[in-house]
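> What follows is a predicted structure for the sequence shown.
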Amino acid sequence: MMDAAYHKAWRDAHLESRRAQDRAYWAAHREQKRIYNASYGATHPDKNAAAQARYRKTARGKIAALAHRMNRRADGKVKISDMRYVVDLYGGRCVYCDGPYQVIDHILPVRLGGKNNRGNLAPACQKCNGNKGAKTVAAWLNGAEGGAV
Ligand SMILES: [Zn+2]
């Protein structure tokens with residue numbers, strides 16, 4: 001017991017120098033650190049899942065998760081910074097119905113040549129996004145079927 005208390009007191013007293021040592025160590029071992037970080041999730045599945053679940057509940061995490069999903073499908077990459085920009089721009093509301101946004105819509109669908117830049121992205125709710133599908137806004141509002149412009 002004494003030993004444990006002694007060690008704890010020593011650790012507390014040397015916290016700053018230990019941190020500096022750690023920083024210096026990892027600065028000199030960046031590659032190992034990268035591999036360690038990359039493999040952490042695999043070796044700590046429970047912690048990783050819980051941490052990810054917590055992160056997804058944050059505004060940043062929600063956008064990152066959406067970007068991850070979009071970037072699996074779309075040609076090219078949607079930048080998280082662009083997604084944050086348009087979500088902020090429209091106050092987190094669906095641009096079509098003003099409900100809370102759930103997804104990021106390509107205003108001109110990728111299938112019709114729409115790009116992944118912020119000028120072509122808009123926050124939307126799932127319902128509007130689903131109804132609009134791969135149509136232009138004009139075609140959607142005019143009730144046109146299919147992907148024809
Ligand atoms: Zn909507």
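Arrived safely, thanks for sending.

> Regarding residue 122, what is its secondary structure?
strand (DSSP: H, G, I helix; E, B strand; the rest coil).

> If I look at residue 17, what pLDDT would I see?
As predicted, residue 17 sits at a pLDDT of 86.

> give me the number of residues near the closest residue in space to residue 33 that isn't next to it in sequence?
The shortest distance from residue 33 to any non-neighbouring residue, by C-beta to C-beta, 6 or more residues apart in numbering, is to residue 26 (4.8 Å). Just so you know, the C-beta spots here come from the backbone N, C-alpha and C atoms, and that holds for glycine as well. Residue 26 has 13 neighbours, counted by other C-beta atoms under 10 Å.

> Helix or strand: which one has the spatially most central residue of the chain?
For the chain, residue 64 is the residue whose C-alpha lies nearest the centre (C-alpha atoms, centre = their mean; 0.5 Å). Residue 64 is located in helix 59-73, with elements delineated by DSSP states H and E.

> which is the next helix or strand following that helix?
Beyond helix 59-73 toward the C-terminal end (DSSP H and E), the next one is helix 80-89.

> Off-centre distance for that following helix?
11 Å (C-alpha atoms, centre = their mean, to the nearest Å).
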